[in-house]
Structure formats: C-alpha cells, structure tokens
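Enquirer: Got a predicted model here, sequence first, then my questions.
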Amino acid sequence: MVKYTIQRLLLALVTTVIILTMTFFLVKLLPFQKPIGQDSAKLAYYLHEVGMGFVLDFTTPQKQYGELLWSYNDPNTGIMHYFYVRPTAEQYFAWASNVLTKFQWGTSTYISPNVDAMVIIGERLPTTIKVNVWSVLISVPAGIGLGIWAALKKNTMVDHVISTFVMIFISVPSFIIITFLMLWFCYSTGWLPTQWPSVTAPLATKVQAYIVPTMCLSFGSICGYCRFTRAELTEVMSSDFLLLARTKGLTKAQTVTRHALKNAMVPILPSILSEVIGLLGGSMILESLYGIPGVGRLYITALNQKDYNVLMADMSLYTLIGLISGVFLDLSYGFIDPRIRMGGKK
Amino acid sequence: MNDEKNFTYVDSCDVEHSIQISPEDLKLTQVDKEIHDTKFQSKPTTFFKDALRRFVKNKSSVAGAIVLGTIILGCIFIPILDPSDVDHVHQYEKHLEPKLFDAGTGWWDGCRHYDNITVDFDWEQFEKDGSYVGFPADVNKAAVVGGQAGVHMSKVGENKVDAYNPYGHGGFMRIANDKSSTEAARLYSYPVDMDIEKYDLSLAVKTSALPEDFTYGEQGSFAYFITTALGEVELTDYSTNTGASSFKLSDNANLISMAATNGGVLPSARFELRIKNKTGATLNQNVLLQSVVFSSEAAAKDNSTEANEYVSNLNNASFKDANKAAGITPSTTTGETNKWYWTCPNGTREVYQADLVVCSYSFDTYEDAFGYRYNYGFSMSAVKGYITKGWLNAEYSVAKLEAAKYSDEACAAFLAGLSMTSEGDKYCPLRLEDATPTFKVVSGGGASVATLTGTCSFWRYLGYKSCPRYLVGTDDSGRDLLDYSFSGLRTSLLLGLVTFVVNFVFGLVWGAVSGYFGGWTDILMERFTDILSGIPWIVVMTLTIILLGQNFFVFALALCLTGWIGTSHLTRTQFYRFKSREYILAARTLGASDKRLIFRHILPNAIGTIITSSVLMIPSVIFSEATISYLNLGLQGMASFGVILSENQKFLQIYPYLIVFPSVIMALMMISFNLFGNGLRDAFNPSLKGQD
C-alpha cells in the first residue's frame, strides 16, 4: 500500500510537471501582453518581469532579441531602459525556479496590475469554496438518501420518478439549469437577487444570493450521487450474503443498514471525496453568469483580458485539482476497504 | 413361441402381474430412412435485428430516438424551408416576441407584457371629469393591445414618486436646509413687478400637514416673505406655519407703504420661503410646499392685454403643480419661458410625493414593427416604382409633375389623381385609405426634390407578402430565432459528428494497438494518455483556440486533442477481454497475422460496445462547444448553438423568450441523446443493462 501510494504520488508529480511545462510553452506562444497605466506602474511591472526572468532589461538597444517591448528613461535614476522578451526556454527555467523556490507565479497585467497572481487567486478561492461547501452539504445527504430510497423501492413508482428526474438533471447542462433558475427565482418572481451582491449588501441579500448557485451546483451532484448509490446498492442487495443474512432471520431493515449500506458505501465515499476536491475549481459558467467573484470567473476574466500570468496560475490550479482528486480517488479505495489492493499483483 | 419372455412383477397391492414380450414387439423403424436436421420453425435473426428488438422494447429510448430524430430533421429541413435570412442583421425585426396566434389572444400572440410603466396621463381631463386617459409614455400607441382599454392604470394617489417626473403631477416641493449652515435656506421664483394699488393682489400658500418623518418646527422654523427691490416684508414670523394660509397683499400695511414710494408698484417682488436652523439642530429641516398662488381678481376681470400679461406673469411666479414647477430648469431652453424656475440657495429643493400613474399593458411587438407608420416620407423614385409595378394608378403622371417642377397645383392634381389598384392593395406600402399624402418640396439649385409624406404599411415596405409571424420570435439582430437556432444546432451537430468520427477512429487504433500488444507498448501508450487526460479539457480548448483562431476546424482540432482518450480506453479494455480467448489462440495457431487478428477476429466482437458508448461523445462535444462560447471564445463567422445561447443570455431579463427556446431545445436534445445512447448500449450489450 505504501509503495503504491508513493508510486501514485510520484506519477502525479511527473504528470503535473509535464502538463505545466506544456501549458507554459503554449501560453508563451501567445503574444506578450503589455501592461497598462502610468509610466511608473509600467516600469514597476517591467522591472518585476525582469526580476521574474521573463524580460530582459538593457541600457542600450539590442538587435538579437527581436522586437523592442518598451523603452523608458527613468526620471528618478536617469537610467535608460530597453525591454526585450527573453527566449522562451530561458523564461521557462526562470519561471520554474521562481515557482519552486519562492512560489512566485508572476504578476497580473490587467485584473489588478502588479499584484501577485497567487494573491489574486487567494482572494477569490474563499468565495468559490463557500458556495461549493453549501452544495456539498446539501447534495451528499440528498443524493445518497434518494439513491437508497430508489434502490429499496426498485421498479416501483418511486424509483421510476426518481430515475426520471436523475435522467433529466444529469442530461441538461448546468448553464441551462442556472438560466431557468435565474429566470424563475430572480427575474419572474423577484424573490432572489439577480446578481451576486456586493460586499456592502445587507446580510439577508447575501444569504439569499447563495440559493441559486447552491441549487444549480446541487442538482447535478444530487443526481450523480443518487444514480451511483442506487446502482451500487441494487448490486449489493442482490448478492448472496444478503440472502444469507435474511435466512438467518434478520429483518430487511437490519440487512440493509448493517450489511448492504456498508458495502455499497465503499465505492461511493471515495467518489464523493474526490468530487469535493474537484469542486474547488468552481464552475466557470455559473460564476460568470451569476457574477460570483470566484476562481472560475477569474479564469474567464484572465482569458478575456489576456492576463496570462494569472491565467497560467489558474490553469495550474485546475490541473492540480484534477490530478489530486484522481490520486485521492485511487488511494481512498484502499483506505476505506482494505480488501481492495490498488496496484496489487495477480 | 420359445423366444417369448415372461416378466412378472408385484405391484403395491401385492397383486402379481405378468408381461409377455415377443420379438415382433421390438421392431427397428426408419432403418433405411436418411434423417437430416430440420429447419428451425422460428425465423432466423441476426445480431442487429436482435439488438433492434431489444431497443424497441425500451420505450423511453424509442421516445428519445424520436425526439432526437425530429431535432436532427429540423436541423436539416428548417433552414432550407424557412425563407428568412439569418446571415444578416435586420434592423426593423429586432426582438419580436413568439407569435402563432393573432394579437390579443393572450398567449403566444407576439405581445409583450409590461408592468409598472409610467403613463403619459391626461391630468387636465382627470381634474375635469375624473376620467383616466393616457397611454404608456414613449411607446407606439397603435401597438398597445386593446387601445385605451388595454392600458390598466393604477388609481390616482396610489402611486407616488419622490423625484421630478415629466409625467408626474402635484405633490410637494420639498425644501431642506443644511443644518451645518448658518445661512437660512431660501426658496423663490423669478421677480415680478406687482401693482398692488391697481390690482387687488392676494397670495395663497399651502404646506402639507405634518408627515411623521418630517421635522417641522422641532429642528428649526420657517417664515414667508415678500421680497422686493426696495426691501423685504415678513408675511409670517418664524413661529410654526402649517397647512394653508392666505394673505391679501393689498391689505398689508408694510407692503402698501413700500409700494407707495414707487407709485403703487412693488418692483421685482416675489414670494420667498426661508428656513432657519435652531442652534444645535441635529437634522436638516424639511418643509413641504404644496402650492404658492398669486392671484388678482381685479386683473382677471380687466381682460385688457396688459392685465392678461400681468396675470400670466403672476401665474408664472406661482405654482400649483409642484412637480411641474420643479421640472422647469434654467438651462433647458433659451428665451422667455425658462426664467420662471424656482431657486433654492443654501438648501436643496426636490419633489416629494408627486402623483404618478403607472400601468400594465400588452404591447404588440409586430404592430410596432410592421404596422402603419404615419407621416412616413417616400422618395419620388419609390412612388414611381409603385406606379410602374402597377400598384398605384396616377391619372396625372409623374413626368408632368416633374415638368411642372412640383408646383402646388401640379402636386394637388397628382394627389387627386392617385388611386390604389387591387394588387396595390395587397403590396403597396403607401396607403391612401387613412390620410391623403402630402408633398414636401425642397427647391434649390434650379432643381426640386420632392418627398411624399403619407401612411406607410411597414411590412409591405420591407417587402413581405404578408405580415410575418415568427413562431419563436426574433433575436437582437432581427433574425428568425427558429431558423437561426436550428442552423446553429446543425453546425454544432456537424462539429459533434466530425469530432466523433476522428476521435473514434484514432481512439480505436490507439486502444487496439495498446490493448493487443500489451507489455511495454501498452505501458508507454497508457502513460501518454494519462498525461494527456490530466490536462483539463477547458485548458486544452482555450489554449488551442487562442493560438489558432475561432473557426470550425480549430474547434474540431481542439476537441480531438483529448477527446479520443475515452474511446481508446474502452477499446483497450475490450481488447484485453478478447485477446486471451481460445478462438484467438486457435486463429493464431493457424497462422493468422496480427492485423488479421485485430481486424477480423477481435474488432468485430468489440465494435458494438465501443460504438454505442462513443455515441455519447456527440452531446458532450455540443456541451463543450457551448461552454467555450460562454467564455467568449465561441465560433466566429458561424452560428453555433453555443454562440446563440451565450449571445441570448444577455437578454435574460428583458427578453426571456430568447433564451428559453434554445435552452429547451438544448435540454431536450441532451435528454434524448442520453436516453437514446443508453438504450442503444443496453440493446447491444444486454449484460450491461441497468448500469448507467
């Protein structure tokens, strides 16, 4: 188990490095984004970029580095600056060493100029987490509960109704669901705020604002958990050891709670855990449509504003979240049910 | 017979039986007959027929297939059959509501319902006889469903506003001083010379009864003045003033004596309200002034020009309607009228509790866009065109009109001779039945340019054969949403199909090689897919699209970069499953090559599962495409479903129908795709039934 864990983690690490390297080079293929604002702010940005190792600073014009980015005579020091883009491979090593040694991911050009990308992400992450925590708190019990209900009442009306709803909500994309939720609860009836409220909004509005995103995020998850639970529980319910338990004289309720549920939970719990990690990424469209200032919306903003350092950091966040939840999923099987030997030989 | 054998046995009742068997009893039958297998009585069936039978049994899948089929047929035929043009912007057909029935039906009739819309209310009529006359402000009256009766107005007095509104009426002028200022707040209008000797002047001032949130008297106090060029006279002192008070100016001794020095006239006199703070006041004091009216019975009776002017000046220096008085601002127009505004130095002046009538009404968007437009200008070349087409009959020809250089007589003769033909009644945009057109002639440089101003039927003007009906409305660019949505869906489906084919073929080959050869090949290929699938698809797509552009092939490429991994995993698993079977061993022993084993022996067995599971890639591609469109990276120059959805999302509040229709189609398609796909998988792999 320990060996397997180490193997998995190492592999994930290698994968991360490869993916981030690829992403870095792809992002660097895009044209350099020049900063906006006052000369002093621009200078600060360029000097920071020089410090990060992305840009070269000369006192005289250079030929071999291609197009001149910006030239500026610093009135404070009287020094002439000529800025050029550094060759991408050199940038890569500078970036890697910055990330590894100082955890510096570069600064923002547009979103909030000269602020560290990780700081920007750190500001938005709590909002995303808050919204998602509610969705998890609602969808896990609701999903598992409905799944159990449907499995116990298999092939009855209850099961059919639940399955139909699951089918519908799993198929319909989340942006359609949020559209209809907003249409009904925000615009037609006016019960809920139409946009994520500002920091100064009254507490009641702030609380109400959680309802639509939580519902939107929950519907999909509830259906996912419900379908999974139903499938697993149905399978366990038809196994021989449950028949044996019934034969020994246990009531149906006893067999379900003591034997069936425990076994059915084995694959369900890890998937919930990994999904919770996955939720940290937030839902880009939901956050963008409802105006939630989270990491998902940050991605879109960074993308549209061509703020590549922030985009790179956000992409890395998404990649990491994906990989970690995958590793977590694999490992947790082994922890929850020791009979499962992940990576074990025949 | 010696060969006979006797058998005896005892039954349960202890009775003995005996049986005799002779060789004749044991005779061989069918000794010479050739016996073959008989044909099955039941009809033979193939694997596909069997799968189809299983598929048809699953009702929900069949329903899904039917819905899906309808949508796909719609994608193919609706853009072909629907004549409307979705490639260009149509400026007049914007935001038309869905319409199937005639206007006024109340549902699906092209009307939009509005609530709480300010009414341009006829206050004079209301004060005269209490009737409610008015239309929603700034809308096309002809398009209000049901005309005047269709405007459901709030009762006067129900709805108040605390700010100046051009359609408001009455209310109070709320004057507030600044508690931090030592200066008194003052309110006054433009000064008038008041002849108090000749015309018997009186002044009526009305303030409100005290509402709770106002702080009359407690925080300060106010007084009325008449200020003139000669000085000021206090009408009331700073004790509490409330309600109505009236003053006969000609009885005021101070005013009389002041006027006496100037020949009986108060020069530049005006009413003034002053609000003083109490020391240590904590709130700004508000005074609600309802009306200030100067009147002169004598002048009104006089009826000379001078007296009338005098009365009108007095009226201007008064106000009966606080809202209207507040609406007069010094900067709006130049000239005489705009000097009569009320100023308030050292304080603020605003309207409080003015009456405003609001209404709910249905608005016929089609009538607004395509109905009659009155006083519409037609160029003479257009009119000539209508005559040439035989829509209009002109007894007095255009040539004659031009020869007469559009003289008044010629114009009159031309208009008198103009009549509509029966075909023109159907198609001619210039309508003659309501009002006779008129000529507007601009002469200059020796030439005359004439425009004919008349009633224009706008759908005829736009070249439609009849007033259009759009089943699901039109979008922001005036495109038929039905046509546009299905065109977009066609693009999206095509993208899905192209991506599916590429991903399927590539994934199949990759998975087959990886699964069949196993060992190091498998490990290396698997690690490669591991890494590739580790990149979030959104990152792959955004980067590819930013780097290469927003067109169809880039989208297909971006979706193919990681899309094949699912198929390849599935194929690999299938190959692992089949490659250790005995029949493969047998084939290999007989000398079959790898190629033959893969393509002739394993693949045919595995392909059903792989295809049916991969079909669900199409809806997921449509989903991905829509998601990318929401990130503002959608297809450009080509309408895709995602682009339509994300474009229309902006109008969620004002034009919800724009997002409802595409959303419903999207939802239906996704549901039916899943039902269909699951049904297909169940049919091809009965062993997987029940799993999702």
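Expert: Thanks, I have the structure now. Residues are numbered from 1 along each chain as shown, chains lettered A, B, ... in the order given.

Enquirer: pull the longest helix from chain A.
Expert: helix A:117-152 (DSSP state H).

Enquirer: Can you point out the buried residues in whichever helix or strand comes after it?
Expert: Downstream of helix A:117-152, the first helix or strand assigned by DSSP states H and E is helix A:157-171. Neighbour counts over helix A:157-171 (16 or more other CB atoms under 10 Å in any protein chain shown) mark A:159, A:162-163, A:165-171 as buried. Bear in mind the C-beta positions are built from the backbone N, C-alpha and C, glycine included.

Enquirer: so which of the residues you listed are also by chain B?
Expert: A:167-168, A:170-171 (CB under 8 Å from any CB of the partner chain).

Enquirer: now for the residues you listed, which pair is the farthest apart?
Expert: Using CB to CB, the pair of these lying farthest apart is A:168 and A:170, separated by 7.4 Å.

Enquirer: circling back: as a markdown table, the ones next to chain B among the buried residues of helix A:157-171 with distance to residue A:177 and pLDDT would be great.
Expert: Output for those, formatted as a markdown table (distance: CB to CB, whole Å; pLDDT from 0 to 100):
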| residue | distance to residue A:177 | pLDDT |
| --- | --- | --- |
| A:167 | 14 | 88 |
| A:168 | 10 | 90 |
| A:170 | 11 | 88 |
| A:171 | 11 | 88 |
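
Enquirer: Give the full set of residues in contact with the closest residue to chain A within the stretch 301-450 of chain B.
Expert: At 14.8 Å from chain A, residue B:360 is the closest residue in the stretch 301-450 of chain B, using CB to the nearest CB. Counting by CB atoms under 8 Å, 6 or more residues apart in numbering or on different chains, residue B:360 touches B:113-117, B:152.

Enquirer: Can you point out the helix or strand that includes it?
Expert: Using DSSP H and E, residue B:360 falls in strand B:358-364.

Enquirer: What mean pLDDT does that strand get?
Expert: For strand B:358-364, mean pLDDT is 91.

Enquirer: With just CA atoms, put that strand into CSV.
Expert: Only the C-alpha atoms of strand B:358-364 are listed here, as CSV (Å, rounded to 0.1, in the frame of the first residue of the first chain):
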residue,chain,number,x,y,z
VAL,B,358,-48.4,53.6,-13.8
CYS,B,359,-50.0,50.9,-15.9
SER,B,360,-49.7,47.4,-17.1
TYR,B,361,-50.3,46.7,-20.7
SER,B,362,-49.6,44.3,-23.5
PHE,B,363,-47.5,45.5,-26.3
ASP,B,364,-47.9,44.1,-29.8
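
Enquirer: pretty sure residue B:17 belongs to a strand, no?
Expert: Yes. Counting by DSSP: H, G, I helix; E, B strand; the rest coil, residue B:17 falls inside a strand.

Enquirer: Just the pLDDT for residue A:290.
Expert: Looking at residue A:290, its pLDDT is 88.

Enquirer: On the three-state scheme, the residue of the stretch 51-200 of chain B found nearest chain A is what?
Expert: Ranking the residues of the stretch 51-200 of chain B by distance to chain A (CB to the nearest CB) places residue B:60 first, at 8.0 Å. In three-state terms, and counting by three-state DSSP, residue B:60 is helix.

Enquirer: what helix or strand does the closest residue to it other than its chain neighbours sit in?
Expert: Counting by CB to CB, 6 or more residues apart in numbering or on different chains, the nearest residue to residue B:60 once its immediate chain neighbours are dropped is residue B:675, at 5.3 Å. Taking DSSP H and E as the criterion, residue B:675 maps to helix B:657-684.

Enquirer: That helix packs against which elements?
Expert: helix A:157-171, helix A:174-181, helix B:47-57, helix B:59-81, helix B:481-517, helix B:603-615, helix B:617-630, helix B:641-649 (3 or more CB pairs under 8 Å, 6 or more residues apart in numbering or on different chains; DSSP states H and E).

Enquirer: between the longest one and helix B:657-684, how big is the angle?
Expert: So the one you mean is helix B:481-517. Here helix B:481-517 runs at 30 degrees with respect to helix B:657-684, directions being taken by axes from the mean of the first three to the mean of the last three CA atoms, to 10 degrees.

Enquirer: close to chain A, is whichever helix or strand comes after helix B:481-517?
Expert: Counting by DSSP H and E, the next helix or strand C-terminal to helix B:481-517 is helix B:519-534. Yes. Applying CB under 8 Å from any CB, one finds helix B:519-534 touching chain A at B:530-531, B:534.

Enquirer: Show me the domain layout of the chain.
Expert: Answering for chain A, as no chain was given. A:37-108, A:119-336 (automatic domain parsing).

Enquirer: actually chain B
Expert: Annotated domains of chain B cover B:180-352, B:372-461, B:493-648 [automatic domain parsing].

Enquirer: Helices of the stretch 201-346 of chain A, residue ranges please.
Expert: Along the stretch 201-346 of chain A, the segments classed as helices by DSSP state H, counting those that start in this stretch run A:203-208, A:211-237, A:240-247, A:252-254, A:261-279, A:284-290, A:295-304, A:308-336.

Enquirer: Quick one: work out the angle between the second one and helix A:174-181.
Expert: Interaxial angle of helix A:211-237 relative to helix A:174-181 (the same axes, to 10 degrees): 120 degrees.

Enquirer: Where does residue 198 sit: helix, strand or coil?
Expert: This is for chain A. coil.

Enquirer: In terms of pLDDT, where does it sit?
Expert: The per-residue pLDDT reported for residue A:198 equals 83.

Enquirer: For residue B:230, give me its contacts.
Expert: Residues near residue B:230 by CB under 8 Å, 6+ apart: B:258, B:261-262, B:266-267.

Enquirer: Most tightly packed of the helices and strands packed on helix B:657-684?
Expert: Each of the helices and strands packed on helix B:657-684 was scored by mean neighbour count; the highest is helix B:641-649, a mean of 25, by mean count of other CB atoms under 10 Å in any protein chain shown.

Enquirer: near chain B, which residues of the stretch 201-346 of chain A show up?
Expert: Counting by CB under 8 Å from any CB, the stretch 201-346 of chain A sits next to chain B at A:227, A:231, A:234, A:281, A:284-285, A:288-289, A:299-300, A:303-304, A:315, A:318-319, A:322-323, A:326.
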